[in-house]
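Enquirer: Sequence first, then the predicted structure:
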Amino acid sequence: MSAKVGLAKRNDLGIRDRYVSPAPGVVVFVPMRVVPNSNGSEVVIMVFQTPDMSEEKFAADIGLVEMDLKTPRQVLEEN
């Protein structure tokens, strides 16, 4: 699956919301926060299940987010 991803503008609040476009004309809002934790940070991404989304599709979306979280430093530093 290929999708376009956009990020909210850089700010000092730890907000790095994403906008994912899995298909033309479809935009999904994905809230993301970076919060301090001891000597590092935690990245929190919220995934929502829409009323018309199957359990299988929701699980697949969570799997894509888990893959994204494997390299958060690279993603954050590039943007």
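Expert: Ah, there it is. Numbers count the residues shown, from 1 in each chain.
Enquirer: Low-confidence ranges, the chain, go.
Expert: Across the chain, the ranges flagged by pLDDT under 70 are 1-2, 72-73, 75-76, 79.
Enquirer: now with 90?
Expert: 1-36, 39-45, 50, 61, 63-79 (pLDDT under 90).
Enquirer: biggest helix in it by residues?
Expert: helix 55-68 (DSSP state H).
Enquirer: Would you indicate which residues of it are buried?
Expert: Buried residues in helix 55-68, defined by neighbour count with 16 or more other C-beta atoms under 10 Å: 61, 68. For glycine as for every other residue, the C-beta is placed from the backbone atoms N, C-alpha and C.
Enquirer: Over to stretch 41-57?
Expert: For stretch 41-57, by 16+ other C-beta under 10 Å, it's 43, 45.
Enquirer: Quick one: end-to-end distance for that stretch.
Expert: 29 Å (C-alpha to C-alpha, to the nearest Å).
Enquirer: What of stretch 28-48?
Expert: With C-alpha to C-alpha as the measure, stretch 28-48 spans 10 Å from end to end.
Enquirer: That one: how far from the chain's middle?
Expert: Relative to the centre of its chain, stretch 28-48 is centred 8 Å away, using C-alpha atoms, centre = their mean, to the nearest Å.
Enquirer: so what's residue 17 closest to, chain neighbours aside?
Expert: Spatially, and ignoring its direct neighbours in sequence, residue 17 is nearest to residue 8 (4.2 Å; C-beta to C-beta, 6 or more residues apart in numbering).
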